[in-house]
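Colleague: Below are the sequence and a predicted model; questions follow.
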Amino acid sequence: MADGYEHDIFISYSHKHPVLTWVQNHFEHELKNWLPQSMSYDPDVYIDWRIETGADWPLELRKALKNSRCMVAVWSPTYFRSNWCNAEWKSMLAREAKLGFRTKDNPKGLVYPVKFFDGDLFPDEAKRTQQMDLIEWSNPYAQFRYTNRYDGFVSKIQQIAQEIAELISSVPQWQEDFPIIIPDEYEQPKGLFKLPRVK
């Protein structure tokens, strides 16, 4: 992309079942089906199973996050217990702060949160954020696609696609110094912020 961004969306999610299975079987597939229908071009959706064999995956994740316009975060209790998920989320919150988002004059953000399960266990900062509730359709198994309830899931994804397309169209210009936070168990390259370990 000519403006410095490489990806339109960075999908951030827990790698534990059932979230991982749901993202693989349903969420990513349907989002990639419907998002282009709400946009004037075919958007680039980054998800970490695109990392090539042999690549340094922490470096690849940092690069992809820094060069993504916005984040779609699949929130679950296990998401907030993951150091990597927290680092990805906090990186985008740091970018928002740098760009003047989530203020009295500009309350919007660059994170589009999807609630997979049980928001009561989310941290307060997440609870204050309006979320798209998909708990009703959080069945991870492949056979869910063949049930009557899947129609409702697709309708929700269509709504999500329209809202994300609007978000993508309004992001500020890319900046070289977008902050990136990494978990403290990994080596900290020069110029990166450090995230305290999540208890």
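Modeller: Thanks, I have the structure now. Bear in mind that the values here come from a model prediction, so they are computed numbers and not experimental data.

Colleague: can you name the farthest residue from the center of this structure?
Modeller: residue 148 (27.5 Å; C-alpha atoms, centre = their mean).

Colleague: avg pLDDT for the longest strand along the chain?
Modeller: Looking across the chain with DSSP state E, the single longest strand is strand 68-75. Taken as a whole, strand 68-75 carries a mean pLDDT of 98.

Colleague: chain center to that strand: distance?
Modeller: Strand 68-75 has its average C-alpha position 2 Å from the chain's average C-alpha position, going by C-alpha atoms, centre = their mean, to the nearest Å.

Colleague: Quick one: list the elements packing against the helix or strand following it.
Modeller: Counting by DSSP states H and E, the element after strand 68-75 in chain order, helix or strand, is helix 77-80. Applying 3 or more C-beta pairs under 8 Å, 6 or more residues apart in numbering; DSSP states H and E, we find helix 77-80 packed against helix 83-99. Bear in mind the C-beta positions are built from the backbone N, C-alpha and C, glycine included.

Colleague: list the buried ones in the helix it packs on?
Modeller: Buried residues in helix 83-99, counted by 16 or more other C-beta atoms under 10 Å: 83-96, 99.

Colleague: what does stretch 34-43 contact?
Modeller: Stretch 34-43 is contacted from outside by 8, 9, 45, 154, 157, 158, 160, 161, 162, 164, 165, 168, using C-beta atoms under 8 Å, 6 or more residues apart in numbering.

Colleague: Just those: which are in helices?
Modeller: Taking DSSP state H as the definition of helices, the contacts of stretch 34-43 contribute 154, 157, 158, 160, 161, 162, 164, 165, 168.

Colleague: could you measure residue 54 against residue 48, distance?
Modeller: Noted for residue 54: a distance of 15 Å to residue 48, by C-beta to C-beta, to the nearest Å.

Colleague: From the structure, what's the count of residues near residue 169?
Modeller: As a burial measure, residue 169 scores 12 neighbours (other C-beta atoms under 10 Å).

Colleague: One more: the one 4 residues further on?
Modeller: For residue 173, the number of neighbouring residues by other C-beta under 10 Å comes to 8.

Colleague: Now do it against residue 3, distance only.
Modeller: 7 Å.

Colleague: And for residue 83?
Modeller: Taken as C-beta to C-beta, the span from residue 83 to residue 3 is 31 Å.

Colleague: again with residue 106
Modeller: Relative to residue 3, and taking C-beta to C-beta, residue 106 is found at 21 Å.

Colleague: and if you look at residue 62?
Modeller: As judged by C-beta to C-beta, residue 62 and residue 3 stand 20 Å apart.
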